[in-house]
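# Quick one: sequence and predicted model below, then my questions.
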Amino acid sequence: MSAIEIAVPGIGEFEEVEVIEVLVAPGDRVEVEQSLITLESDKASLEIPSPRAGVVRELRVRVGDRVSEGTPILLLEAVGEEAAEAEGDEAAQAAGEGEGARAEAGREAAPPRAPALPEADLVAEVLVLGAGPGGYTAAFRAADLGKRVVLVERYPTLGGVCLNVGCIPSKALLHLAEVVTEVRSLARHGVDFGAPRLDLAKIRARKEAVVKRLATGLAGLAKKRRVKVLQGEGRFEGPHLLRVEGAGGSTSVAFEHAIIAAGSRSVRLPGLPEDDPRVMDSTSALELAEIPQRLLVIGGGIIGLEMAAVYHALGARVTLVELLDVLMAGADPDLVAVLRRAIDARYEKILLETKVTGVDARPDGLHVSLEGAGAPAQERFDRVLVAVGRAPNGARIGADRAGVRVDERGFLPVDRQQRTNVPHIFAIGDVVGPPLLAHKATHEGKVAAEVIAGRKSSFVARAIPSVAYTDPELAWMGLTESEAQRQGIEVKKATFPWAASGRALGMGAEAGLTKLLFDPASGRLLGAGIAGRGAGDLISEAVLALEMGADAEDLALTIHPHPTLSETLALAAELAHGTITDL
Ligand SMILES: Cc1cc2nc3c(=O)[nH]c(=O)nc-3n(C[C@H](O)[C@H](O)[C@H](O)COP(=O)(O)OP(=O)(O)OC[C@H]3O[C@@H](n4cnc5c(N)ncnc54)[C@H](O)[C@@H]3O)c2cc1C
C-alpha cells in the first residue's frame, strides 16, 4: 500500500499559524473531508480537512507547532479506490510525468472547502437536532452568524423539555404554590383569607397560556432568522446525513456541521404499572389532571421536591420517599436543613433511605410496598409521581452511523468547544452530561454555533448555578462546602443568618441563610449557597462575583440597597472581611 504525505493547503493570508488541536492519531481511519487538525490565528480558527481517505500512518505535527502552506501534517496510507488512485499517481511520477504529478499534489493542497455532501432533499450548513433551549439557541446564534440552518424537532412546538414540560410550566405552578402558602401564612400576621377555592381548569389554562406565548415567540424568532424548522424524528444515516421521519413523510438532510441537542427523558422505575394514569412522571404531573387526596412522590431531588410543593399547595397530602440518606444530594446540608424544617411541618411523611419495591394498582388506589427503616411495609395512595432522574437521549439518534461516540450512560462526550469525536459534529445540553440545566444548555449552544462560524469560543464557565424553586428556595453555585470537605480544599466560610435581616423578618422569611466560601489565600470567592425567598435570583450576584474574581472586600464594599434580601450577600462578605456591625 502506498503512503502519501498530506500537507497544509493554501490557507489564504494565514502564515505561521498555531496548531491548537490534532484531531487524528496514528492508526485512525479518516474519510475524505474529515478534519485532521485545527489551526488558530488571531482572526479565526480553521479546520484542515483530509483530501483523501486512508489510515494515518504517522503524524508530522503536534499541538503548538506553527504551520504555513505546504507544512506536512501526516503520512496517510491510502485504502480502497484511494489507494489505486494514489498508486496511479506514484506510477505516473515514476514514469517521469513530473509536472502532472506535481499538479496532482497541488490538487491535494487545495484550499479548505465545503465537504462533498451526499445527495439529499435539504442541505444545511448547520443542522441542529432537537429544539430545546440548547438547540434553538444554537440554531438562532448560527443563523445570526450567517449560517444556513435546519432545525429538526419531533414535536410541533419549539422549546423542548424546558419550555413545554419542564422549567416554565413547573415555575408557573410553583408561583401559585408560593402565593397560596404565603397567603396561608398571613393568618399568623393577622390577615386570614380562609381556604382557597381551586378552579383546576383555569389553573391549567393559565399555565398553558404561558407556555404557548413563549413557544409562539420562538417560532417567530426562528422565522425572522430564516431558520428552517423541520418537524419529525431525526436519525443519522452517515457522517453528513440525517433522515427525518415526520407526518409529512421522510426527508433527508445533508449537512456540513451538526449540533446534537437531543436532550433527556424521565427515567422509569421498573416494576411499576406502565399505563395507569395514576402513576405519573413529571410531564403527566404537570398536566394536573386532578389533585389527589394522597400523593406519593418517589425521589427527593429538585424535580420531586418542586412537584411535591405544587401538589401540597393545591391540597394534596404528600409523602416523599428517597433512596439516599439526604434530600437534594448536591446541595449543602445546612441549606437543605432550612427546606427540611419547612416541609417537615407540611408533608405527611418524608422517608429517607427508603425503597419502593412495588406498586399494586387496585380500583381503590395504588398500594405501594416500601422497604426502609421507619417506613410502613405498605401504604395506599391516590397517585404516585416518579421523579428519580433523567436519562440522556444520546443512544436514540443513530449516532453510531455518524461515527459519534456515545458513552455507556447515553451521554455524548465533547471537548470544551462542544465537539464530539467527529470534528464537524457538536453536542450540547442534557445529552452531553450534567448538570442537566437549561442555562447550561443555552450557553453550550452558543459556543457550538460560534465555533462552527469560526469564532474562538469555548465553554469555560467557572460556575453553573443550581436552583430548587421550592418554598423556601435553595440556590448554590461554585464550590460547595461538602465538595470542599471531600476534596480537602481549605475554605473561609461566612454564613449570615436571615434572622438578622430586617427585610427577611418583615417578610416572615427569617429561617433563611446566605453562605459564602472564600479562598483563604487569595481571598477570592469560591462558592455560595442561599436558602430562602428568592434565592434563585439572589445567587446571580455571587456567580458574577466569582466570574469576576471578586473577594470578600469587593462584595462588602459594594453598596446594596436597604432593606433587601440582597444585603445578606454583602453582610456575609462583611462577616468574612471582619467589618460586620450587624451581628
Ligand atoms: C419538570 C422539570 C423542571 C425543570 N426545571 C428546570 C429549571 O427550573 N431550570 C433549569 O435550568 N432546568 C430545568 N429542567 C431541566 C431542563 O428542562 C433541561 O436541562 C433542558 O430542557 C435541557 O435542554 P436541551 O436543549 O439539552 O434538551 P431538551 O429540552 O430535552 O430538548 C431536546 C429536544 O430534542 C428533541 N429530540 C430529541 N431526540 C430527537 C430526535 N431524534 N428527532 C427530533 N427531535 C428530537 C426533543 O423532542 C426535545 O424537544 C427541568 C426539567 C424538568 C423535567
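Arrived safely, thanks for sending. Residues are numbered from 1 along each chain as shown.
# can you give me phi and psi for the closest residue to the ligand within the stretch 451-583 of the chain?
With C-beta to the nearest ligand atom, the shortest gap between the stretch 451-583 of the chain and the ligand falls at Y469, namely 6.0 Å. Where you see a C-beta, it was placed from the backbone N, CA and C, and this is true even at glycine. Backbone dihedrals for Y469, given as degrees, to the nearest 10, come out at phi -90, psi 50.
# excluding its backbone neighbours, what's nearest it?
Excluding the flanking residues, the one nearest Y469 by C-beta to C-beta, 6 or more residues apart in numbering is L174, at 4.9 Å.
# count of residues packed around the one you found?
Burial of L174 is recorded as 19 neighbouring residues (other C-beta atoms under 10 Å).
# Next to the ligand, which bits of this protein? Give me the list.
When proximity is defined as C-beta under 6 Å from any ligand atom, the chain approaches the ligand at 129-135, 152-155, 160-162, 166-167, 170, 233-234, 261-264, 282, 303, 393, 397, 429-431, 436-439, 441.
# check contacts around the residue of the stretch 351-500 of the chain found nearest the ligand.
Checking the stretch 351-500 of the chain residue by residue against the ligand with C-beta to the nearest ligand atom singles out G429 as nearest, at 2.1 Å. With contacts defined as C-beta atoms under 8 Å, 6 or more residues apart in numbering, G429 is in contact with 130, 132-135, 261, 263, 440-441, 444-445.
# Strands of the stretch 301-450 of the chain, residue ranges please.
317-321, 349-351, 355-362, 365-371, 378-381, 383-386, 390-392, 425-427 (DSSP state E, counting those that start in this stretch).
# Can I get those in TSV including distance to A116, mean pLDDT and mean neighbour count?
As requested, the strands of the stretch 301-450 of the chain are arranged in TSV below (distance: least, C-beta to C-beta, whole Å; pLDDT from 0 to 100; neighbours: other C-beta atoms under 10 Å):
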stretch	distance to A116	mean pLDDT	mean neighbour count
strand 317-321	56	98	23
strand 349-351	60	98	19
strand 355-362	54	96	15
strand 365-371	58	97	18
strand 378-381	60	97	17
strand 383-386	48	98	25
strand 390-392	32	97	20
strand 425-427	17	98	29
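# Which of the ones you listed sits closest to L272?
Proximity of the strands of the stretch 301-450 of the chain to L272 was assessed by C-beta to C-beta; the nearest stretch is strand 355-362, lying at 5.0 Å.
# Please state the offset of the closest one from the chain centre?
Average the C-alpha atoms of strand 355-362, do the same for its chain, and the two points are 32 Å apart (C-alpha atoms, centre = their mean, to the nearest Å).
# following the worst-scoring helix or strand of the chain on mean pLDDT, which helix or strand shows up next?
The helix or strand with the lowest mean pLDDT-type score in the chain, counting by mean pLDDT, DSSP states H and E, is helix 98-108 (a mean of 34). Sequence order places strand 122-129 as the next helix or strand after helix 98-108, per DSSP states H and E.
# Mind giving me the packing neighbours of that following strand?
Here strand 122-129 touches helix 133-144, strand 149-153, strand 228-231, strand 249-260, going by 3 or more C-beta pairs under 8 Å, 6 or more residues apart in numbering; DSSP states H and E.
# make it 10 Å
Strand 122-129 makes packing contacts with helix 133-144, strand 149-153, strand 228-231, strand 233-238, strand 241-246, strand 249-260, strand 425-427, helix 438-452 when contacts are defined by 3 or more C-beta pairs under 10 Å, 6 or more residues apart in numbering; DSSP states H and E.
# Each with direction, which strands does that strand pair with?
strand 149-153 (parallel), strand 249-260 (parallel) (DSSP bridges).
# Tell me the bridge partners for the closest residue to L76 other than its chain neighbours.
Using C-beta to C-beta, 6+ apart and skipping the chain neighbours, the partner closest in space to L76 is G54 (4.1 Å). Judged by DSSP bridges, the bridge partners of G54 are V30, A78.
# quick revisit: V211: which of the strands paired with strand 122-129 is closest?
Counting by C-beta to C-beta, V211 lies closest to strand 149-153 out of the strands paired with strand 122-129; the figure is 15.1 Å.
# Which SSE is immediately downstream of that closest one?
Read in the C-terminal direction, the helix or strand following strand 149-153 is helix 160-165, with elements assigned using DSSP H and E.
# can you pull the contacts of the residue lying closest to Q417 once chain neighbours are set aside?
Excluding its sequence neighbours, the residue lying closest to Q417 (C-beta to C-beta, 6+ apart) is V451, at 4.5 Å. By C-beta atoms under 10 Å, 6 or more residues apart in numbering, the contact set of V451 is 38, 45, 47, 257, 259, 415-419, 426, 457-459.
# If we go by neighbour counts, what in stretch 150-167 is buried?
150-155, 157-167 (16 or more other C-beta atoms under 10 Å).
# give me the low-pLDDT residue ranges for this protein?
Counting by pLDDT under 70, the chain has low-confidence residues at 1-2, 12-14, 42-45, 79-114.
# and it, what are its domains?
Taking automatic domain parsing as the criterion, the chain consists of the domains 3-104, 122-266+392-452, 279-388, 466-577.
# How much space separates A361 from H367?
As judged by C-beta to C-beta, to the nearest Å, A361 and H367 stand 8 Å apart.
# Secondary structure class of S170, three-state.
helix (DSSP: H, G, I helix; E, B strand; the rest coil).
# Repeat that for the one 4 residues further on.
In three-state terms, and counting by three-state DSSP, L174 is helix.
# circling back: please convert the buried members of the residues of the chain next to the ligand into ChimeraX selection syntax.
Burial among these is assessed by 16+ other C-beta under 10 Å; the matching ChimeraX selection reads:
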select :129,130,131,132,133,134,135,152,153,154,155,160,161,162,166,167,170,234,261,262,263,264,282,303,393,397,429,430,431,436,437,438,439,441
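# so who does the closest residue to K446 other than its chain neighbours touch?
Closest residue to K446 in three dimensions, ignoring its sequence neighbours and counting by C-beta to C-beta, 6+ apart: R141, at 5.0 Å. With contacts taken as C-beta under 10 Å, 6+ apart, R141 has the following neighbours: 126, 147, 149, 225, 259, 442, 445-450, 452-453, 455, 457.
# Residue of the stretch 201-350 of the chain nearest the ligand, please.
G263 (2.0 Å).
# Go ahead and confirm that residue touches G445.
No: the pair G263 and G445 does not pass the contact test of C-beta atoms under 10 Å, sitting 11.7 Å apart.
# anything in contact with each of those two?
Shared contacts of G263 and G445, defined by C-beta under 10 Å, 6+ apart, are found at 132-135, 428-429.
# I'd like those as JSON lines, with distance to L242 appended.
Shown next, in JSON lines, are these (distance: C-beta to C-beta, whole Å):
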{"residue": "G132", "distance to L242": "17"}
{"residue": "P133", "distance to L242": "21"}
{"residue": "G134", "distance to L242": "17"}
{"residue": "G135", "distance to L242": "13"}
{"residue": "I428", "distance to L242": "16"}
{"residue": "G429", "distance to L242": "17"}
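# G70 - how many residues pack around it?
Close neighbours of G70, defined as other C-beta under 10 Å, add up to 11.
# any idea which element it lies in?
Under the criterion of DSSP H and E, G70 resides outside all helices and strands.
# Roughly how far does the nearest residue to it once chain neighbours are set aside sit from A461?
Setting aside the residues directly before and after it, G70 is nearest to A7 in space (C-beta to C-beta, 6+ apart), at 5.3 Å. Spatial separation of A7 from A461 under the definition C-beta to C-beta is 38 Å.
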